[in-house]
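Participant: this one's structure only:
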């Protein structure tokens, strides 16, 4: 509990709030994208003898994107919005990284091997799930799901194209 | 009588064992999606579209509709048991639902919610049956100009979904339209923004975009602090509400049905608005309003009935006019289009059998939800006990399968990952995602119908103001666009509280 009177303490001058850097980067990215679309759609042709050409709609959207980004920039300069809480960069990096590796490996290792490794990484290394539980879930999630889809739902999933997995039909 | 016969025909199709199984699976999966943290109804429905591509159109849409309304009930379970809404429309239920759990009445709250959902859903479906024929008759009057005007009305609804900033909503809407423009131009056949890639000639896969933007980004944004607390499964005996609880719930359910159904008909109003207004109505009209917030059964019955009446009522603009009222319904519309069905007036003219079978399945689905959810509450609570890292790994697995099976290529998995990152950035920048999905689905339809209209009129814009239906719809679109100026938008307090905008 404070005993100080609010009148005795000088009120610190509040520093002028500025837009968050991530917001400025976002606005710049959208403006540039808008300009690129305007340029690209102009080349496609905006109008033909029968009416709108293939470039008209993208041109209009490019213009909306560019103009709205500018208006947003001005709005932010006047009243900076409160930035949302930061994301956990390590979580984003590991999830995205593992998905990229999985997508790249799928045509070579096939669904069963690639998904088994993917699930083991997430369950055993990231979530610290016990070995037995991690292996059981990974086998069910890879081999089990593969047969559920290919035999049960008649939806084909990729098989391995590299040795030795391709030899045993994984 | 004609309507009754067609509905009976719909029941005959919907009651085949295959379609019953699809409805059952849809309810099961929908409830699971509603319960699971980290995956909302939009991503959930999108994720399961590829699995339904091999099915016939009727079975596929029956299953996806069941998933859609199943999620509204699934969200209730976490609201009541965990004080954490599984999806936005159930957020208000946490107030009294969780209070009932603390009073040992969790089972009764879940049963009341299930019965309320059944009542609301069934009444709204009866409304759909009544509206289908007269509005469906419009199908014969619809040409490309009228269709363009209808789609324009749908797109202008992004004003209603704008949330706090119209500027950011327009950025989101423009992004959705631009994504939809990638690929071969539907009229002239010119490639647009394909960067020389053959894979992009067919465009960017709608499902991969939705799963990435709504599903993957949700997992990427998930923080450990959001982990749910301890879950206690209610016993079977406690599932039965007392007689007084039934008596007190009845008027709340009646009010909830009226509010949910009425607002469901207005495109742009989300289920959250219905449940919030229903709770407001209970605060004003309930005899036990002083108990609200402390475990009053009206606080569960009203909003839960309203959000299910809304979910089913919102299918009316989709089925009869082809206007998606919410992001989830826009995804559902995408599924219709993938199956070669165009929702709207032409649906009843061209595919009347399928349309009536789907409507009949809505009645069946509402019955299935009550049968399925109340006794299976133990199963749902056991899902909530699975640690989040295991759940997220399994959700990622299904996202990869969902993205891969659209075209059976890993390219779509990369597309999904890229749009997951974009979705995360948009969330961080506080840009609403709902307008993007709306324009992603409606954008190509709008462009195609505009260009077809102008080809018919040989480039003359007269076609848009000399045809009465087209002109009336375009005026309506103009009113919607100007609604912020005319103060016709939903009240600011509601817009701020509405997490779906």
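Facilitator: Thanks, I have the structure now. As the structure is a computational prediction, the values presented were derived from the model and not from experiment.
Participant: distance check, the most centrally placed residue in chain A against residue B:219.
Facilitator: The residue lying closest to the centre of chain A (CA atoms, centre = their mean) is residue A:96, at 7.8 Å. According to CB to CB, to the nearest Å, residue A:96 stands 10 Å off from residue B:219. No exception for glycine: its C-beta is placed from N, CA and C like everyone else's.
Participant: overlap in contacts of those two?
Facilitator: Shared contacts of residue A:96 and residue B:219 (CB atoms under 8 Å, 6 or more residues apart in numbering or on different chains): residue B:420.
Participant: ok so, going back, surely the residue nearest to the centre of chain A is in contact with residue B:418?
Facilitator: No: look at residue A:96 against residue B:418 with CB atoms under 8 Å: they stay out of range, at 9.7 Å.
Participant: got a list of what the nearest residue to residue A:165 once chain neighbours are set aside touches?
Facilitator: Excluding the flanking residues, the one nearest residue A:165 by CB to CB, 6 or more residues apart in numbering or on different chains is residue A:113, at 5.4 Å. Taking CB under 8 Å, 6+ apart, we find residue A:113 in contact with A:142, A:160, A:165, A:170.
Participant: could you look up the SS state of residue B:272?
Facilitator: Of the three states, residue B:272 takes helix according to DSSP: H, G, I helix; E, B strand; the rest coil.
Participant: pretty sure it contacts residue B:89?
Facilitator: Yes: taking contacts as CB under 8 Å, residue B:272 lies within contact range of residue B:89: 5.0 Å.
Participant: tell me which of those two has more neighbours.
Facilitator: residue B:89 (34 against 25; other CB atoms under 10 Å in any protein chain shown).
Participant: if I look at that one, how far off is residue B:221?
Facilitator: 20 Å.
Participant: neighbours around residue A:131, how many?
Facilitator: With other CB under 10 Å as criterion, residue A:131 counts 10.
Participant: for it, what are its contacts?
Facilitator: With contacts defined as CB under 8 Å, 6+ apart, residue A:131 is in contact with residue A:124.
Participant: about what we covered before: which helix or which strand is home to the residue nearest to the centre of chain A?
Facilitator: helix A:89-120 (DSSP states H and E).
Participant: what helix or strand does the residue most central in space within chain B sit in?
Facilitator: Centroid check for chain B by CA atoms, centre = their mean gives residue B:328 as the closest residue, at 3.0 Å. Element membership of residue B:328, judged by DSSP H and E, is helix B:327-338.
Participant: what's the lowest-mean-pLDDT helix or strand in chain A in contact with?
Facilitator: Every helix and strand in chain A was compared by mean pLDDT, DSSP states H and E; the lowest is strand A:51-52, with a mean of 76. By CB under 8 Å, 6+ apart, the residues outside strand A:51-52 that reach it are A:46, B:447, B:450, B:451, B:454, B:455, B:459.
Participant: please identify which helix or strand holds the second one.
Facilitator: To tie it back to what came earlier, the one meant is residue B:447. Here residue B:447 is assigned to helix B:434-456, by DSSP H and E.
Participant: now do the strands in the chain.
Facilitator: In the absence of a named chain, chain A is used. In chain A, the strands defined using DSSP state E lie at A:47-48, A:51-52.
Participant: that was the other one, I meant chain B.
Facilitator: B:183-184, B:191-192.
Participant: so what strands line up beside the first one?
Facilitator: Pointing back at strand B:183-184 there. strand B:191-192 (antiparallel) (DSSP bridges).
Participant: now the partner strand: average pLDDT?
Facilitator: For strand B:191-192, mean pLDDT is 88.
Participant: mind listing residues that contact that strand?
Facilitator: A:40, A:41, A:44, A:54, A:55, A:58, B:181, B:182, B:183, B:184, B:185, B:201.
Participant: count of neighbours near the first one?
Facilitator: By other CB under 10 Å, the residues close to residue A:40 number 16.
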